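Chemist: How does the following fold in three dimensions:
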Amino acid sequence: MQTLTSHQLQHINQFLIEQYRLYYIDLQAEVMDHIATDIEVELQQGKSYEEAFVLVFAKWDVLLKPAKGFFRGIPRFVANQWTKERLKRGAKACLFGALTTLLVGSLFYRWINREEDIVCGLGTLLALYVGMGILYVNNRSLVKEVPLHTATGTFLRVEFKRLGWVQSIFVIMPLLSQLKFISGGELFFYTYLFIGLVMLFYMIQWRIDYQKEKVYQIKWKTI
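Modeler: Numbering: from 1, shown residues only. Below is the predicted model of the structure:
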């Protein structure tokens, strides 16, 4: 298969930056791989580089345009992939929260009408509250280390801020319950526990994403 020259690759990269504002290095690498492969296929079929360039970018134009909404500014085909990943993550987080809440509820059912019920309930919430706090503070110290020249790094910062907003709701819920703005009782306990567990899942996943991005940065700097 006919391969592209370094000058042609540079031309494609420059066009991506000027036409689609593709400044992030990780997206540049992913998009360049797709575009270059498609152009090389066209070259193999006898087309000139200029013809292949126009043909391939006409096909990719809609997919490369920036998305709107949660992943605004990211090429649409990447945003679609990330949206699917986030939906799967959300489903896993809710499943983790629901199953763990049911497990805790089944354990408490054995202690129904006993004094241990209140003690264990408060202990569970306290452990969750402290664990969430430690994870949040620890992750917050890493936010400034997240690079801004990659789309993943930039989104990690944005995602952490949004997690912080949900964290704030989790923190003030007991106060709202004491002030009678929301009802207490068992329903509040299990709802609060479920939200906390979902948040815990997201906080752990954010840390995993950070470690992956850190490894990517190390590899990129060695190239």
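Chemist: Let me know the average pLDDT across stretch 89-96.
Modeler: For stretch 89-96, mean pLDDT is 92.
Chemist: Phe71: what's it in contact with?
Modeler: With contact set as C-beta atoms under 8 Å, 6 or more residues apart in numbering, Phe71 has these partners: 78-79, 82-83, 155. Every residue, glycine included, has its C-beta placed from N, CA and C.
Chemist: Starting from Leu187, give me the distance back to it.
Modeler: Noted for Phe71: a distance of 35 Å to Leu187, by C-beta to C-beta, to the nearest Å.
Chemist: cool, and Ala151?
Modeler: Ala151 is 41 Å from Leu187, where distance means C-beta to C-beta.
Chemist: Same drill for the two, tell me which one is more crowded.
Modeler: Using other C-beta atoms under 10 Å as the criterion, Ala151 and Leu187 rank with Ala151 on top: 23 against 10.
Chemist: all helices for the protein, in order.
Modeler: With helices called from DSSP state H, the chain shows them at 6-20, 25-44, 49-64, 76-110, 115-143, 151-178, 185-222.
Chemist: and those helices, which one is worst for confidence?
Modeler: Taking the mean pLDDT of the helices of the chain, helix 115-143 comes last: a mean of 70.
Chemist: Spatially, and excluding backbone neighbours, which residue is closest to Tyr20.
Modeler: Using C-beta to C-beta, 6 or more residues apart in numbering and skipping residues adjacent in sequence, the residue nearest Tyr20 is Leu64, 4.9 Å away.
Chemist: biggest separation within the contacts of Phe71, which pair?
Modeler: Taking C-beta to C-beta as the measure, these span a maximum distance of 12.0 Å, between Thr83 and Phe155.
Chemist: what's the nearest residue to Lys214 if we skip its chain neighbours?
Modeler: Excluding its sequence neighbours, the residue lying closest to Lys214 (C-beta to C-beta, 6+ apart) is Glu145, at 8.0 Å.
Chemist: scratch that, Ile195
Modeler: In space, and not counting its chain neighbours, Ile195 is closest to Phe170: 5.8 Å by C-beta to C-beta, 6+ apart.
Chemist: Next one: that neighbour from His34, what distance?
Modeler: Look at Phe170 and His34: by C-beta to C-beta, they are 40 Å apart.
Chemist: which of those two has more neighbours?
Modeler: In this comparison of Phe170 against His34, neighbours counted by other C-beta under 10 Å, the higher total goes to Phe170 at 18 against 14.
Chemist: list the contacts for that one?
Modeler: Phe170 makes contact with 132, 192, 195-196, 199, according to C-beta under 8 Å, 6+ apart.
Chemist: before we move on, back to that, of the contacts of Phe71, closest to Gly164?
Modeler: Phe155 (14.7 Å).
Chemist: what number of residues lie near that closest one?
Modeler: By other C-beta under 10 Å, the residues close to Phe155 number 19.
Chemist: which residue sits closest to it, ignoring its sequence neighbours?
Modeler: Take Phe155 and drop its neighbours on the chain: the residue closest to it by C-beta to C-beta, 6+ apart is Phe71, 7.4 Å away.
Chemist: Ok, Glu159 next?
Modeler: Sequence neighbours aside, Trp206 is the residue nearest to Glu159 in space, at 6.6 Å (criterion: C-beta to C-beta, 6+ apart).
Chemist: That neighbour and Asn139, how far apart?
Modeler: In this view, Trp206 and Asn139 are 6 Å apart by C-beta to C-beta.
Chemist: Also Gln167?
Modeler: Taken as C-beta to C-beta, the span from Gln167 to Asn139 is 10 Å.
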